[in-house]
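>>> Predicted model follows, preceded by the sequence.
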Amino acid sequence: MTDITWSLLIQIISFIIFFLVFRRVFFTPVLRVMEGREARITEMMKEAEDRRERAVEIEERYSSRMREARDEAEQIIKRGEQQARKQYEEILTEARQETDKMLSEAREQIERERNQALVDFESEAVELACDIASRVLQRPLQEEERTEMEEEVLEAVRQRAD
């Protein structure tokens, strides 16, 4: 009976020593690594959210520019119409030519600005998407992945712009 008790006591002490050594050697480093990963993931999620917010802000600026361009075009059109009414009887033909020219230039300018804003937005969106993807994957994107990501983002941005 005493042999069993001593044997059991030695086994319990051995188990406790083994557990303490195992915990110190394996559990503690693993827990540190897991905590580090969790912190990095949290940081990357925050950074991704910040980038998403920046993308939304850029989209809002783009929309604002488009509204301003439309308002400006409407103002140009109204000015052209008022000018045409005042001079209608005296120089009817000249007023029509001037109005057509102003409208054409305004539309071309609006289209150029819209296209430039869209190009800027597309470029920014592609860079943000690729950057976010590489951070989420924790590695740089390969050329094939980057090309595919660019195509998808450009398609989405163009669908939204139309």
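Everything's here; your move.
>>> where does the protein have low pLDDT?
Counting by pLDDT under 70, the chain contains low-confidence residues at 1-3, 88, 92, 161-162.
>>> Show me where it has its helices.
2-22, 28-86, 92-137, 143-161 (DSSP state H).
>>> Redo those as TSV? Include mean neighbour count.
Glycine gets a C-beta too; all of them are placed from N, C-alpha and C. Formatted as TSV, the helices of the chain follow (neighbours: other Cβ atoms under 10 Å):
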stretch	mean neighbour count
helix 2-22	10
helix 28-86	12
helix 92-137	14
helix 143-161	13
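>>> roughly how far apart are Leu103 and Arg24?
With distances taken as Cβ to Cβ, to the nearest Å, Leu103 is found 80 Å from Arg24.
>>> wait, Arg51
Distance from Arg51 to Arg24, by Cβ to Cβ: 40 Å.
>>> repeat for Gln109
For Gln109, the distance to Arg24 - Cβ to Cβ - is 72 Å.
>>> now do Glu60
Distance from Glu60 to Arg24, by Cβ to Cβ: 54 Å.
>>> Please apply the same query to Arg52.
42 Å.
>>> same deal with Ile4?
From Ile4 to Arg24 the distance is 30 Å (Cβ to Cβ).
>>> Met66 now?
On the measure of Cβ to Cβ, Met66 and Arg24 end up 63 Å apart.
>>> Also Leu9?
In terms of Cβ to Cβ, Leu9 sits 23 Å off from Arg24.
>>> do Ala48 as well
36 Å.
>>> same check, this time on Thr147
In terms of Cβ to Cβ, Thr147 sits 49 Å off from Arg24.
>>> and what of Arg112?
Counting by Cβ to Cβ, the gap from Arg112 to Arg24 is 68 Å.
>>> Ok, Ala156 next?
In terms of Cβ to Cβ, Ala156 sits 51 Å off from Arg24.
>>> do Ala39 as well
22 Å.
>>> which residues sit in contact with Gln87?
Going by Cβ atoms under 8 Å, 6 or more residues apart in numbering, Gln87 touches 94-95.
>>> try 6 Å
For Gln87, the contacting residues are Ala95, by Cβ atoms under 6 Å, 6 or more residues apart in numbering.
>>> do Arg32 as well
Counting by Cβ under 6 Å, 6+ apart, Arg32 has no contacts.
>>> do Glu105 as well
Per Cβ under 6 Å, 6+ apart, neighbours of Glu105: none.
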